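Novice: Have a look; sequence and predicted model below, questions after that.
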Amino acid sequence: MKKWFISICIIFLFFTLKTEEVHGEQVLIIDGSFGDWEGIEHVDISNSSNVFSQAAMVYDEQFIYIHVKEEKSGQWATNYPTIKMVCNGTSKDIVIVRNDYSGNDGIFDLSIKNSWYANISNTEAKVLRKQGYNEWEIKMPIYDIFISNSNQTSNNVKTIVVESLNASWSQGGAVSLSGAYIGDEIPPIPDPGEEPGLSGIIIDGYFDDWENMPITEIGYGPSNMNQASLVKDDHYIYLYYEMNANNNWMPLDGINLSVNGNTCQIFIRYAKADGTIDWSRDVYHLSEGIYPELSSFTYSYNNRLGATAISIGHNNRLELRVDIATLETALGLTQGTINSGATISVTLPSLGSGKLEAQEVSTGTFAWILISIGTAFSLFWYQRKRKSQRCRESRGWN
C-alpha cells in the first residue's frame with residue numbers, strides 16, 4: 001500500500017511540473033541562468049553568422065523571449081544586434097545595448113531600446129560573460145513594442161493575439177528566427193449559428209429577436225434618424241443597427257466600443273477558417289440579401305471578437321455579438337471586469353452623434369419569451385380542445 005501511495009505522489013508531481021513548463025512567464029526567468037531554456041527548440045545559426053551560434057524565440061500572450069549564444073570573442077566585443085521584429089505584419093526595430101564595460105566575467109544587465117534609443121518599458125535582459133563567451137536572454141512586452149503611444153507599467157502589461165512573429169538581424173551575417181507560442185491555449189471564438197446566449201439573440205441576419213430589446217434613435221437630424229440597440233448578457237455584448245431607408249449604404253468600420261473608458265475600434269469583415277481576416281472578400285459591394293458569416297475585428301492586431309450578420313435591402317441592418325472574455329483580453333482588462341458593473345458604450349459616427357450605453361438582458365428576459373410562447377401555445381391548444389368538445393356535444397357524440 002505504501003509503494004502505491006509513493007507511486008501516485010510521483011506521478012502527481014510529474015504532471016504538476018509538466019504543466020508549469022508550457023507557461024512562458026512561469027518558466028523563463030530572465031536572470032542570466034539559462035537552464036529554463038533547455039526544453040525549448042533552438043536554431044543553429046553558426047553557418048549564417050560568424051558571431052552567433054544558437055538562438056531561440058518564443059512568446060506568450062504578453063511577452064517575447066529571445067535566447068542567444070555567441071561564438072567566442074574578445075572581452076571588449078559588442079555584438080548585440082539591432083533586431084527587426086515583425087508581428088502580424090507590423091515591423092519595429094529593437095536595439096540591445098551593453099551597459100557594463102569592465103571586461104570582467106559575470107552576469108550583467110542589458111538595455112532594450114527602440115529605434116530612436118528610448119528605453120522600452122517592461123523589458124528584462126541579462127548577459128552572462130564567461131571565458132570569452134557571451135550568452136544572453138531578453139524579455140520584451142509585445143504591446144509596448146508594436147502599439148503606438150503605449151505607456152504600460154510593469155503591473156499593467158496588455159495582452160495581444162499574435163498571428164505571426166519573426167525576428168531578423170544582420171550582425172555578423174544574416175539571422176532569421178520564427179516565434180513559437182508557449183502560452184495558454186486560446187479558446188476558439190464561437191461561430192455564427194450556434195446556440196444563442198442568455199439574451200436569446202441569434203446572429204443570423206433575421207432580426208425578429210430584437211423586437212423586445214430597447215431601441216434608440218441616432219442620427220444627425222430629424223429627417224435622417226437611424227435605429228440602434230446595445231445590450232449584454234453574462235457572455236456577450238450585442239449591437240444592432242438599422243439604417244434609414246434614405247441611407248443606401250452600410251457602415252462597417254469605425255464602431256467605437258468602450259469599457260470603463262477603454263476604447264477599441266471595431267470593423268466588419270469575412271474571416272478565414274483559422275479566424276484571421278479574409279482581405280480577399282469584399283464587403284462594400286454586396287448585392288441585396290442576407291450575409292450571416294461575417295465577423296467583427298479590432299484594429300489593433302485584428303482580434304476576432306465574434307459573429308456578425310448583415311442584411312442588405314430596403315433598410316440595411318446589422319447585428320453582431322462580442323465575446324466578453326475575448327474583449328477583456330483585447331483591452332488588457334482583468335477577466336470578469338465587464339460583468340462586475342462596468343460601463344459599456346458604443347459610438348457610431350457614421351450613423352449619428354449619440355452614444356449608446358449597454359443594457360443588461362438576463363436569463364429572465366429569454367425565459368419570459370419562452371414562457372410567453374408556452375402560454376400562447378397552451379391557450380391555442382385549450383381553445384382547439386374546447387372547440388372540438390363543443391362540436392362533439394352539438395352532434396350528440398358524447
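Specialist: That came through fine.
Novice: For residue 103, see how far away the nearest residue to residue 72 once chain neighbours are set aside is.
Specialist: Spatial nearest neighbour of residue 72, chain neighbours left out: residue 132 (4.6 Å); criterion: Cβ to Cβ, 6 or more residues apart in numbering. For the C-beta atoms, the positions are set from N, CA and C on the backbone; glycine is no exception. Taking Cβ to Cβ, to the nearest Å as the measure, residue 132 falls 11 Å from residue 103.
Novice: Mind telling me what element residue 264 is part of?
Specialist: With secondary structure defined by DSSP states H and E, residue 264 is part of strand 262-270.
Novice: How is this protein divided into domains?
Specialist: If you go by automatic domain parsing, the domain ranges for the chain are 22-181, 208-361, 369-398.
Novice: circling back to that earlier point, next, the residue nearest to residue 72: phi, psi?
Specialist: The phi/psi pair for residue 132 (degrees, to the nearest 10) reads phi 90, psi 0.
Novice: how many neighbours does it have?
Specialist: When neighbours are counted by other Cβ atoms under 10 Å, residue 132 registers 13.
Novice: What are the buried residues along stretch 36-49?
Specialist: Buried residues in stretch 36-49, counted by 16 or more other Cβ atoms under 10 Å: 36-37, 40, 42, 45, 49.
Novice: Flag the shaky bits of this protein, pLDDT-wise.
Specialist: Judged by pLDDT under 70, the chain has its weakly predicted residues at 1-26, 75-77, 148-156, 185-199, 300-302, 362-398.
Novice: re earlier: okay if I get the domains of the chain as CSV plus distance to residue 201?
Specialist: Listed next are the domains of the chain as CSV, based on distance: least, Cβ to Cβ, whole Å:
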stretch, distance to residue 201
domain 22-181, 25
domain 208-361, 5
domain 369-398, 11
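Novice: coming back round to it: what's the closest of the buried residues of stretch 36-49 to residue 128?
Specialist: residue 37 (12.0 Å; Cβ to Cβ).
Novice: So the closest one versus residue 134, what's the distance?
Specialist: With distances taken as Cβ to Cβ, residue 37 is found 15 Å from residue 134.
Novice: With residue 144 instead?
Specialist: In this view, residue 144 and residue 134 are 25 Å apart by Cβ to Cβ.
Novice: neighbour count winner among these two?
Specialist: residue 134 (23 against 20).
Novice: which parts of stretch 309-328 are buried?
Specialist: Those buried within stretch 309-328 under the rule 16+ other Cβ under 10 Å are 309-312, 315-328.
Novice: For it, what is the distance to the chain centroid?
Specialist: Offset of stretch 309-328 from its chain centre (Cα atoms, centre = their mean, to the nearest Å): 17 Å.
Novice: Start and end of that stretch, how far apart?
Specialist: Its first and final residues considered, stretch 309-328 spans 22 Å by Cα to Cα, to the nearest Å.
Novice: SS state for residue 144?
Specialist: helix (DSSP: H, G, I helix; E, B strand; the rest coil).
Novice: Which of the helices or strands spans residue 234?
Specialist: With DSSP H and E as the test, residue 234 turns up in no helix or strand.
Novice: Kindly report the same for the one 4 residues further on.
Specialist: With elements taken from DSSP H and E, the one containing residue 238 is strand 236-242.
Novice: quick one: the helices in this structure?
Specialist: Shown for the chain, the helices assigned by DSSP state H span residues 2-20, 24-27, 142-146, 324-331, 363-394.
Novice: Was I right to think residue 162 contacts residue 178?
Specialist: No: because the distance of 11.6 Å does not satisfy Cβ atoms under 8 Å, residue 162 is recorded as not touching residue 178.
Novice: thinking again about what came up before, which stretch among the domains of the chain comes nearest residue 202?
Specialist: domain 208-361 (6.1 Å).
Novice: chain center to the closest one: distance?
Specialist: 16 Å.
Novice: so how far is residue 251 from residue 160?
Specialist: With distances taken as Cβ to Cβ, residue 160 is found 26 Å from residue 251.
Novice: now residue 72
Specialist: 61 Å.
Novice: higher neighbour count, the two?
Specialist: More crowded of residue 72 and residue 251, by other Cβ under 10 Å: residue 251, with 19 against 10.
Novice: before we move on, the earlier item: of residue 162 and residue 178, who's got more company?
Specialist: For residue 162 versus residue 178, the count of surrounding residues by other Cβ under 10 Å is larger for residue 162: 19 against 11.
Novice: I'd like to know how far that one sits from residue 213.
Specialist: Distance, residue 162 to residue 213, using Cβ to Cβ: 36 Å.
Novice: do residue 117 as well
Specialist: Relative to residue 213, and taking Cβ to Cβ, residue 117 is found at 53 Å.
Novice: tell me which residues form a beta bridge with residue 66?
Specialist: residue 57, residue 138 (DSSP bridges).
Novice: Contacts only, for it.
Specialist: 55-57, 83, 137-138, 140, 167, 177 (Cβ atoms under 8 Å, 6 or more residues apart in numbering).
Novice: Now list the buried members of those.
Specialist: Here, 16+ other Cβ under 10 Å leaves 55-57, 83, 137-138, 140, 167, 177 buried among these.
Novice: Please convert the residues you listed to CSV, extending it with distance to residue 218.
Specialist: Shown next, in CSV, are the buried ones among the contacts of residue 66 (distance: Cβ to Cβ, whole Å):
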residue, distance to residue 218
55, 53
56, 52
57, 47
83, 47
137, 52
138, 48
140, 42
167, 46
177, 49
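Novice: of these, closest to residue 256?
Specialist: Nearest member of the buried ones among the contacts of residue 66 to residue 256, counting by Cβ to Cβ, is residue 140, at 29.4 Å.
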